[in-house]
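Novice: give the three-dimensional model of this entry:
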Amino acid sequence: MSEFYRRWEPLFDPRDLANGALLVLAPHPDDEVIGCGGLILAHRVKEQPVTVAVATDGRLGITGGAGDDDYVKLRTDEHLEAGRVLGGTESLFLGFPDGGLAEALSTGALTSALVELLDSRAWRTVVFSSPFELHPDHRALGLATLEALKTARVPQTILAMEIGSFMPANLLIDVTPYAEDKDRAMMCYASQLEHHDILGKLRGVDVARSANVPDRAVKRCEAYLRIRPERIPDYVSQSGALLRLVDEMMPPVPWENS
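Specialist: Have a look, this model is predicted:
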């Protein structure tokens, strides 16, 4: 058996990471709160600028189909209110159709938009959805970001975040001091809370990520994967290979054999 090589993820005070402009790439309105609300709050406590770029219009966040333009406006308004709760964030809307990021990745349109955004300012940190996400939009945005970083201006810190799926992480931050405001920001998304207990699940993920922290005062954490720019090709190929292997070994669902 090969030697066990993993280490516990180091725990950081998020304020130590809040040293310059933060760019958050969110697939949908609300993903910025779920994945990195604590990190955003830590930046704003230190009066560091935060920009959240929302990739899609969020039209499919309604149960039973696509929402109309009024629904899109509602989700936009919820996002803006959440930004105020998070301490005041700048919002950019890339305008891709909800559910359409995989296609936008395949055409190159999403990657091009991200290159332009990354080149527009001297970002200190970029945060984006992990390629280990199950949601196609989340995964596509993660892959497009990694592709964009091959040619765009590269921030000093590159962080993949968890939204709907756990990932192999190498960095934890203690968001216990920011938990109440993170929850308040999530509650701004009333349209989503109507049919999903996103707040309960958000809390559950944060609590679960504190499991290996031997400090009773640390109640909630956010997990990230810090990626070195020169290792992006390795990360993309090896994470993709792992996901394909996992899918190949997936057991059939019961009704497929009936």
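Novice: look up how far residue 90 lies from residue 120.
Specialist: Distance, residue 120 to residue 90, using C-beta to C-beta, to the nearest Å: 12 Å. The C-beta positions use only the backbone N, C-alpha and C, and glycine is treated the same way.
Novice: also residue 227?
Specialist: 24 Å.
Novice: these two: which has the busier surroundings?
Specialist: Ranked by neighbour count (other C-beta atoms under 10 Å), residue 227 and residue 90 place residue 227 first, with 21 against 12.
Novice: just checking, the more buried one touches residue 159?
Specialist: Yes: applying C-beta atoms under 8 Å, one finds residue 227 in contact with residue 159, separated by 7.5 Å.
Novice: and the end-to-end length of stretch 79-93?
Specialist: Distance between the two ends of stretch 79-93: 11 Å, counting by C-alpha to C-alpha, to the nearest Å.
Novice: now it: buried residues?
Specialist: 79, 82, 83, 85, 86, 87, 89, 91, 92, 93 (16 or more other C-beta atoms under 10 Å).
Novice: strands - which of those land there?
Specialist: 91, 92, 93 (DSSP state E).
Novice: which of the buried residues of stretch 79-93 fall within helices?
Specialist: Using DSSP state H, the members of those that fall in helices are 79, 82, 83, 85.
Novice: in JSON lines, list these along with distance to residue 115 and pLDDT.
Specialist: Output for these, formatted as JSON lines (distance: C-beta to C-beta, whole Å; pLDDT from 0 to 100):
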{"residue": "79", "distance to residue 115": "23", "pLDDT": "98"}
{"residue": "82", "distance to residue 115": "27", "pLDDT": "98"}
{"residue": "83", "distance to residue 115": "24", "pLDDT": "98"}
{"residue": "85", "distance to residue 115": "31", "pLDDT": "98"}
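Novice: I'd like the residues you listed as CSV, with distance to residue 23 appended.
Specialist: As requested, these are exported to CSV (distance: C-beta to C-beta, whole Å):
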residue, distance to residue 23
79, 16
82, 17
83, 14
85, 19
